[in-house]
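Engineer: Only the shape, not the letters, is given here:
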């Protein structure tokens, strides 16, 4: 669709630094398609929907013809140089604003680095669990852990655009002080530096603390239904919640977004399943990209093509006008994210 503003990618992790050979590129591609380990002998992860999309849309951004062989594409990538290739890919993605999840130790680009490479705005979304894990690495007691965690969360709220959590379940009440102390004591006594947070009461404490800041909170929930009590209990507290489900649960997430005024649903790059389940102003695009800058390109292209296809069908059926289709695409692609996260429109 012509004339649309740049997309707002409301969830991603950043891109890798440095050159990538065929093996390392395929390893990142495997992660992107949800595979583990190398492809079977004689096959390649380029032979996936994502791999085909990379070959279709990324070579022209590096001066090659679409669908060129993977070896030729990667040779061109090395010829251009990783830094310059990443810039060309990110600047050709059609994304004007990135919300980048931070908090965990990572070798990927920071929000500032991504912003400079893409010539776009980038904002931090702070993941709660790594925040607590880093505090725990330097805390000598339960009291210091609880106090320093509160301070770290407050400090993060001063610069973050949103918080995020991987909680798959949360009750409809905040844990009381005694419950938090007991959970902290169990976790601190049993953990080693670098161990991930696995105490449900502490995760709940972090979630309720994040809601109290008033910032939006992203919820990475494979299936959003176990969070239903938490969604109900947080209504009216002033913090918007954004569900980031995994397939095949986008439909259910959209339904929950329709029910609760403060709840929104991520569509990922494939919005078709969610469009019929919630008001369009409750849905948001994301690429979910991690590692390969190519994944920003393919995520944006998949989304825009899907929206054009659905809006084209609805227009042909007489369900909406072409102008409505453009308006709905803009709403899901950027408008809702700007409203939820308080973002200034990209120039």
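Structural biologist: Okay, I see it. Everything numeric in this text was worked out from a predicted model, so none of it was measured. Residues are numbered from 1 along each chain as shown.

Engineer: okay, CA-based contacts and neighbour counts for the rest of this
Structural biologist: Fine.

Engineer: any idea how far residue 144 is from residue 239?
Structural biologist: 27 Å (Cα to Cα, to the nearest Å).

Engineer: What segments of the stretch 151-300 of the chain are helices?
Structural biologist: 177-190, 200-212, 228-233, 250-259, 272-275, 294-316 (DSSP state H, counting those that start in this stretch).

Engineer: The stretch 1-150 of the chain now?
Structural biologist: 22-32, 49-57, 70-80, 82-91, 111-118, 128-137, 142-157.

Engineer: what about residue 239 and residue 144, which has more around it?
Structural biologist: residue 239 (20 against 14; other Cα atoms under 10 Å).

Engineer: Let me see the confidence value for the more buried one.
Structural biologist: The score at residue 239 is 97. That number is its pLDDT.

Engineer: hang on, it packs against residue 217?
Structural biologist: Yes - if you go by Cα atoms under 8 Å, residue 239 and residue 217 touch, sitting 7.2 Å apart.

Engineer: can you list residues touching both of the two?
Structural biologist: Here residue 239 and residue 217 share the contacting residues residue 211, scored by Cα atoms under 8 Å, 6 or more residues apart in numbering.

Engineer: mind putting the helices of the stretch 1-150 of the chain in JSON lines, distance to residue 291 and mean pLDDT included?
Structural biologist: Shown next, in JSON lines, are the helices of the stretch 1-150 of the chain (distance: least, Cα to Cα, whole Å; pLDDT from 0 to 100):
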{"stretch": "helix 22-32", "distance to residue 291": "6", "mean pLDDT": "91"}
{"stretch": "helix 49-57", "distance to residue 291": "14", "mean pLDDT": "97"}
{"stretch": "helix 70-80", "distance to residue 291": "15", "mean pLDDT": "95"}
{"stretch": "helix 82-91", "distance to residue 291": "11", "mean pLDDT": "96"}
{"stretch": "helix 111-118", "distance to residue 291": "12", "mean pLDDT": "95"}
{"stretch": "helix 128-137", "distance to residue 291": "19", "mean pLDDT": "93"}
{"stretch": "helix 142-157", "distance to residue 291": "24", "mean pLDDT": "96"}
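
Engineer: where does the stretch 101-250 of the chain have low pLDDT?
Structural biologist: 104-105 (pLDDT under 70).

Engineer: what's around residue 158, how many residues?
Structural biologist: Residue 158: 10 neighbours (other Cα under 10 Å).

Engineer: ditto for residue 91
Structural biologist: Other residues close to residue 91 by other Cα under 10 Å number 19.

Engineer: show me what contacts the residue lying closest to it once chain neighbours are set aside?
Structural biologist: Spatial nearest neighbour of residue 91, excluding adjacent residues (Cα to Cα, 6 or more residues apart in numbering): residue 118 at 4.8 Å. Applying Cα under 8 Å, 6+ apart, we find residue 118 in contact with 87, 88, 90, 91.

Engineer: And for residue 336?
Structural biologist: 281, 282, 283, 284.

Engineer: Is it correct that the second one is in contact with residue 264?
Structural biologist: Looking back up the chat, that one is residue 282. Yes - Residue 282 is within contact range of residue 264, at 4.8 Å (criterion: Cα under 8 Å).

Engineer: where do the contact lists of those two overlap?
Structural biologist: Common contacts of residue 282 and residue 264 (Cα under 8 Å, 6+ apart): 254, 257, 258.

Engineer: Surely the first one and residue 281 touch.
Structural biologist: No - shown here, residue 254 and residue 281 do not form a contact pair, counting by Cα under 8 Å, at 10.9 Å.
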